[in-house]
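**Student:** Next input, structure requested:
(one chain, ligands or ions: 1)
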Amino acid sequence: MVGIDSSPTLVELAREAGGYTELVCADAAELPWEAQTFDLALAFMTLHDMEDMARTVAEIARVLQRGGRFWLAIVHPLNRPPEGLDDYFEDHRFADDFERDGLRMTFEGIDRPLEAYACALARAGFLIEELREPRPTAATLASAPKLAKAAKRPYFLHLRCVLPPAH
Ligand SMILES: C[S@@+](CC[C@H](N)C(=O)[O-])C[C@H]1O[C@@H](n2cnc3c(N)ncnc32)[C@H](O)[C@@H]1O
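**Tutor:** Predicted coordinates for the structure are as follows:
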């Protein structure tokens, strides 16, 4: 299993977590691996943070073997502040400040319409096999009532895609 992130801190944390044969600190829009090397690629909560999302998706298709799968999770395109919904079809950059347990953090990203992801996947040759909008169960809500909004409006979007085998 190999991993890539453009943040040295995240790469270091992944190294500490272990389990990788190779970890690279670089832009995922230029993957440092040969074509058709892998049978599975995961992009967990990253594509919506990337400048060149479409190029990254094309790179993932390049390094996957035919029949390989690509699983991705993003912030749901409908999960954006009201001002970002003024024009759903416009890309909308955001930088949100949070403070938790004494730590100040700024989350930056790019809200894009759902179609931007579907088109990038289609152009790279992927077929979407499954689309899910995960939400808290009743049991989760009972123990974490602050997640109530997430039960009414999707926070996240999960997709499972396949690069069809060549005919
Ligand atoms: C919300 S964090 C998710 C991190 C990790 N996947 C996780 O689930 O904890 C988004 C990550 O995308 C990385 N990232 C943003 N743009 C990138 C790019 N062009 N290439 C590689 N990584 C990128 C950031 O450095 C950050 O670690």
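**Student:** hey, let's count contacts and neighbours off CA atoms from now on
**Tutor:** OK.
**Student:** residues from this structure in reach of the ligand?
**Tutor:** 5-7, 10, 26-29, 44-46, 49-50 (Cα under 6 Å from any ligand atom).
**Student:** out of those residues, who has the most neighbours?
**Tutor:** For the residues of the chain next to the ligand, the largest neighbour count, defined by other Cα atoms under 10 Å, is 22 neighbours, found at Ala28.
**Student:** and that one, that's in a strand?
**Tutor:** No. Looking at Ala28 with DSSP: H, G, I helix; E, B strand; the rest coil, it is coil, so not inside a strand.
**Student:** Can you tell me which of the residues of the chain next to the ligand is nearest Leu159?
**Tutor:** Phe44 (10.5 Å; Cα to Cα).
**Student:** domain parsing for this protein?
**Tutor:** 1-32, 36-162 (automatic domain parsing).
**Student:** starting at the chain centroid, how far to the first one?
**Tutor:** Centroid separation for domain 1-32 versus its chain: 15 Å, with Cα atoms, centre = their mean, to the nearest Å.
**Student:** Likewise for stretch 79-95?
**Tutor:** In this view, stretch 79-95 has its centroid 17 Å away from the chain centroid, taken as Cα atoms, centre = their mean.
**Student:** List of residues touching that stretch?
**Tutor:** When contacts are defined by Cα atoms under 8 Å, 6 or more residues apart in numbering, stretch 79-95 is touched by residues 78, 106-113, 153-156.
**Student:** Just the buried residues of those.
**Tutor:** Those of these that meet the buried threshold are 78, 109-113, 154-156, by 16 or more other Cα atoms under 10 Å.
**Student:** and those residues as a markdown table, adding distance to Arg135?
**Tutor:** Listed next are the buried ones among the contacts of stretch 79-95 as a markdown table, based on distance: Cα to Cα, whole Å:
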| residue | distance to Arg135 |
| --- | --- |
| Leu78 | 14 |
| Gly109 | 22 |
| Ile110 | 22 |
| Asp111 | 20 |
| Arg112 | 21 |
| Pro113 | 20 |
| Pro154 | 7 |
| Tyr155 | 8 |
| Phe156 | 8 |
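**Student:** Between those residues, which sits nearest Ala166?
**Tutor:** Each of these was scored against Ala166 by Cα to Cα, and Pro113 proved nearest at 29.8 Å.
**Student:** circling back to that earlier point, okay if I get the contacts of stretch 79-95 as a markdown table plus pLDDT and secondary structure?
**Tutor:** What follows is these, written out as a markdown table (pLDDT from 0 to 100; DSSP: H, G, I helix; E, B strand; the rest coil):
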| residue | pLDDT | secondary structure |
| --- | --- | --- |
| Leu78 | 89 | coil |
| Thr106 | 90 | strand |
| Phe107 | 86 | strand |
| Glu108 | 88 | strand |
| Gly109 | 89 | strand |
| Ile110 | 92 | strand |
| Asp111 | 91 | strand |
| Arg112 | 94 | coil |
| Pro113 | 94 | coil |
| Arg153 | 91 | coil |
| Pro154 | 93 | coil |
| Tyr155 | 93 | coil |
| Phe156 | 95 | strand |
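**Student:** Understood, closing this out.
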